[in-house]
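**Student:** take this sequence and fold it.
(one chain, ligands or ions: 1)
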Amino acid sequence: MSARRQWVFSNPCGCPFGVMEAGRIDSEAVAFFEFYEVARDVRKALDRGVTAELMDHGRYVSDVYPRMLSSYVCPHEGAKAGAR
Ligand SMILES: [Zn+2]
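**Tutor:** Numbering: from 1, shown residues only. Coordinates of the predicted model:
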């Protein structure tokens, strides 16, 4: 088993909102299913533009974790396509 890795789920704006230990999962499709558990919810997330990215733990801690804190405010509000 290699170093810890995480699947990080992000909103269309790029802000992460969810994380899951990758374990042996290295397929994005499988990761989506593991995360949402229900096919209908996977479809909803994909329709919404959610993305999943596999990254090592170091990058998660430096790049993603600070943006997972409840004190973090998405800076992209208003920049979303079609949102006014
Ligand atoms: Zn954002």
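**Student:** quick check: the gap between Tyr36 and the ion.
**Tutor:** 20 Å (Cβ to the ion, to the nearest Å). Where C-beta positions appear, they are placed from N, C-alpha and C, glycine not excepted.
**Student:** the residue nearest to that residue when sequence neighbours are not counted: neighbouring residues, count only.
**Tutor:** Distances taken as Cβ to Cβ, 6 or more residues apart in numbering put Val42 closest to Tyr36, at 4.7 Å, once the chain neighbours are dropped. By other Cβ atoms under 10 Å, 18 other residues sit near Val42.
**Student:** contacts only, for Val42.
**Tutor:** Neighbouring residues of Val42 by Cβ atoms under 8 Å, 6 or more residues apart in numbering: Phe32, Phe33, Tyr36.
**Student:** quick check: phi and psi on the last one?
**Tutor:** According to degrees, to the nearest 10, the main-chain angles of Tyr36 amount to phi -90, psi -20.
**Student:** I appreciate the help and will end here.
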